[in-house]
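[1] sequence first, predicted model second:
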Amino acid sequence: MDNIIEKIYNGSLQPDAYINPQDPEYRKLTKQTSNLMEECRKRFSENDFRFIEGIIDLYGKTYSMHSTASFVHGFKIGALMMIEVFNVKEQA
C-alpha cells in the first residue's frame, strides 16, 4: 500500500470522492434541486435553460475552488499545530 505522500504525488488521493454527507437535509436539498431543474427545463425555452445551466456550472466551479482553498487552509493549520506541539518544550 502506498503511503500518503506517494498517493498525493501520484494523484490517487482523492478524499472528495469518498465524501457522503450524513446530514438528512443534504438528500432533501439535492432532491429539491433536481425537481427545480426539471421544472426549469419544462418551463423555459432550451436557450434559457442552457443559460441557467451555465450559471449553475459557474457557481459549481467557484464553489469547488472555495472548497479546495478551505481544505488547503485547514491542512496548513493542522500541519502548523503539529509543528507547535512537537516544538513545545516539556515543562516540569
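    Cool, the structure landed. Numbering: from 1, shown residues only.
[2] figure out the helix or strand that the residue nearest the centre of the chain lives in.
    Geometric centre of the chain, nearest residue: Ser67, 4.7 Å, by CA atoms, centre = their mean. Here Ser67, judged by DSSP states H and E, is contained in helix 46-87.
[3] that helix packs against which elements?
    Secondary-structure packing of helix 46-87 (3 or more CB pairs under 8 Å, 6 or more residues apart in numbering; DSSP states H and E): helix 24-43. C-betas here are computed from N, CA, C, even on glycine.
[4] contacts for the helix it packs on?
    With CB atoms under 8 Å, 6 or more residues apart in numbering as the test, helix 24-43 has contacts from Phe49, Ile52, Ile56.
[5] now the second one: how far from Ser64?
    I take that to be Ile52. Distance of Ile52 to Ser64, computed by CB to CB, to the nearest Å: 19 Å.
[6] of these two, which one has the most company?
    Shown here are Ile52 and Ser64; by other CB atoms under 10 Å, Ile52 has more neighbours (15 against 11).
[7] distance check, that one against Ile77.
    Per CB to CB, Ile52 is found 37 Å from Ile77.
[8] thanks a lot, see you next time.
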